[in-house]
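Student: Provided below are the primary sequence and the corresponding predicted coordinates.
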Amino acid sequence: MTRVIESIIMSTVPTNNGPASKNTLNSDVEVKGTLKFSGELTFDGKLDGDINSEGTLNLGDNAVIKGTIDVGSVVVRGKITGNVIAKEKIDIKAKTELFGDVRAAKLVIEEGVTFVGKSEVNPNKVSATPVPSRGEAPKVATPVKPPGL
């Protein structure tokens, strides 16, 4: 049975025995809305919306995402339709289907990935330029004629 969740905010809480716990949403979860979390999240379900976090996102093989992913770092699997932005690293694993632009300080793409989009890798500054939305026409400079021609 699939559970539909309108929006979800998750946060990891340090335990007495050590670091923050890890959150997991399995393949039977379907989310419509924005998914926010802190710490680490493994997501293997369906999402129609955005993911925002300073933490680490691990997408599973069954993950289906339609929206923007903006996180600290991400391991990408499954099928993603939307832009992926990471402050640190994007690691796209084999068999992943990614239809959107990516921007990160570090980018790893394994063999066997389907990637349709643009990439911007800037180790010094990730937020250099915003990634245009899908369907937005690229801006083209108009040539200027020098005076007297």
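Tutor: Nice, thanks for sending it over. Numbering: from 1, shown residues only.

Student: With Gly55 as the reference, measure out to Lys36.
Tutor: Distance, Lys36 to Gly55, using CB to CB, to the nearest Å: 10 Å. (C-beta placed from N, C-alpha, C; glycine too.)

Student: The two: who's more crowded?
Tutor: Gly55 (21 against 17; other CB atoms under 10 Å).

Student: if I pick the more buried one, what's in contact with it?
Tutor: For Gly55, the contacting residues are Thr12, Phe37, Ser38, Gly39, Glu40, Leu41, Val71, Gly72, by CB atoms under 8 Å, 6 or more residues apart in numbering.

Student: I'd guessed the third one sits against Glu54; true?
Tutor: Yes - in this structure Ser38 lies within contact range of Glu54 using CB atoms under 8 Å: 6.7 Å.

Student: Could you measure from Val74 over to Thr56?
Tutor: The spacing between Val74 and Thr56, counted by CB to CB, is 7 Å.
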